[in-house]
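let's see this in three dimensions:
(one chain, ligands or ions: 4)
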Amino acid sequence: MESTVDLHLHTTMSDGRLSPTELVTLCAERGLRQIAITDHDSLEGLPEAQEVARELGIDVIAGVELGADDKGGEVHLLGYFADASDPELSSTLADFRDGRTTRGRRIVERLAELDVHVSWDRVLELSDGGAVGRPHIAQAMVEKGYVQYPKEAFDQYLGRSGPAYIGRSRLTPAEGVAALVKNGAVPVMAHPTYYMSGEGPDEVARLTETLADLQQVGLAGMEVHYGDYTTRQVEMLASVARELGLIQCGGSDYHASGNPDETEPGTVGPPPEVIGALQDVRGRLTGQSEA
Ligand code: AMP
Ligand code: ZN
Ligand code: FE
Ligand code: FE
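Numbering: from 1, shown residues only. Ligands and ions are numbered 1, 2, ... in the order given. Model (predicted):
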């Protein structure tokens, strides 16, 4: 399905490989009309993205992606219509970016102990002043010939159960939702299957319970259309979203990652109506109803 909307995209301000200008230009060329830039722990790409978008006549929604953890697993939260002028959120995000740098350096040290030698300076160069992520380390490993694709670096070393995995301090999912709500950003759970180990009825029930708990603190939507989700996965998640009354969001999570078969911007949806639904929530959060 080609769509004119994509609400999950990364740039060089985090671990994407296209600059905000390059990404917005690509999206416009692909016929997208409304996109959200959702860098990890950063709103820094938005001024540039919005300026280019104005020239090209498309809309860029200010988004951000936060990582959170609880006993049950990992939850990524997207926040839409974020207020980048809010000093509290800006300082929280800057702290997270510092934590990423410290942790990235430790991962590089751990890799050296495993006889995988990448230079920390090269990782910093690849991150180019943006939020450092494991994909930058994976890219440095590709350059040195340790793996062919970044994905293999995750499979063999950097993934959650890999020998060079190091976590970082994160918010709980409820704290993440609260931080977004406080800013006036509309909280949405990204790729909900990350939180699941399997897709049987017990895991669907566990996800539903977590979503319902987060809804109590302000979660407004969840991704249903995502990256390489199968029709079956989309149907499973749509049914959970309907049951709870959550907005059915989505996007490609495009990074220009260099992995084969990456989902391109605009190939998965969501339908354009979700923007109005997100705007209504934004109006309620900030006390300005859309009338
Ligand atoms: P980090 O933010 O440093 O924890 O790294 C997480 C990022 O790594 C995600 O946003 C993806 O861009 C990428 N990533 C996570 N898992 C994989 C994987 N298995 N293969 C390739 N990239 C991955
Ligand atoms: Zn990423
Ligand atoms: Fe994510
Ligand atoms: Fe993402």
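
isn't A82 up against P187?
No. Here A82 does not reach P187: they are 10.3 Å apart, not a contact under Cβ atoms under 8 Å. For every residue, glycine as well, the C-beta is placed using N, CA and C.

shared neighbours, those two?
Listed contacts common to A82 and P187 are L180; contacts here mean Cβ atoms under 8 Å, 6 or more residues apart in numbering.

was I right to think I61 contacts L9?
No. I61 sits out of contact with L9 when judged by Cβ under 8 Å, with a separation of 10.2 Å.

higher neighbour count, these two?
More crowded of I61 and L9, by other Cβ atoms under 10 Å: L9, with 31 against 23.

which residues touch the more buried one?
Contacts were defined as Cβ under 8 Å, 6+ apart; by that measure L9 touches G16, L23, C27, I35, A36, I37, T38, G251, S252, D253, Y254, P265.

could you list the residues in contact with stretch 124-138?
Among residues not part of stretch 124-138, those counted as contacts by Cβ under 8 Å, 6+ apart are 11-15, 39-42, 44-45, 96-97, 100-101, 103-104, 107-108, 111, 118, 123, 139-140, 147, 150-151, 153-154, 158, 255, 257.

now do the same end-to-end measure for that stretch.
12 Å (Cα to Cα, to the nearest Å).

flag every buried residue along that stretch.
Within stretch 124-138, the residues that count as buried by 16 or more other Cβ atoms under 10 Å are L124, L126, S127, G130, A131, V132, G133, R134, P135, H136, I137, A138.

ok, now how distant is the last one from ligand 4?
In this view, A138 and ligand 4 are 15 Å apart by Cβ to the ion, to the nearest Å.

with the fifth one instead?
For A131, the distance to ligand 4 (Cβ to the ion) stands at 12 Å.

give me the distance between that residue and F96.
When distance is defined by Cβ to Cβ, to the nearest Å, A131 is 7 Å away from F96.

do T4 as well
Counting by Cβ to Cβ, the separation of T4 from F96 is 32 Å.

who's more crowded, the two?
Here T4 and F96 are set side by side on neighbour count (other Cβ under 10 Å), and the busier one is F96, at 19 against 16.

ok, now which ones touch the closest residue to ligand 4 within the chain?
With Cβ to the ion as the measure, D253 is the residue of the chain nearest to ligand 4, at 4.4 Å. With Cβ under 8 Å, 6+ apart as the criterion, the residues that contact D253 are H8, L9, H10, A190, H191, Y226, G227, T263.

whichever residue of the stretch 1-150 of the chain sits closest to ligand 3: neighbour count?
Taking Cβ to the ion as the measure, the point where the stretch 1-150 of the chain comes nearest ligand 3 is H76, at 3.7 Å. Counted with other Cβ under 10 Å, the neighbours of H76 add up to 22.
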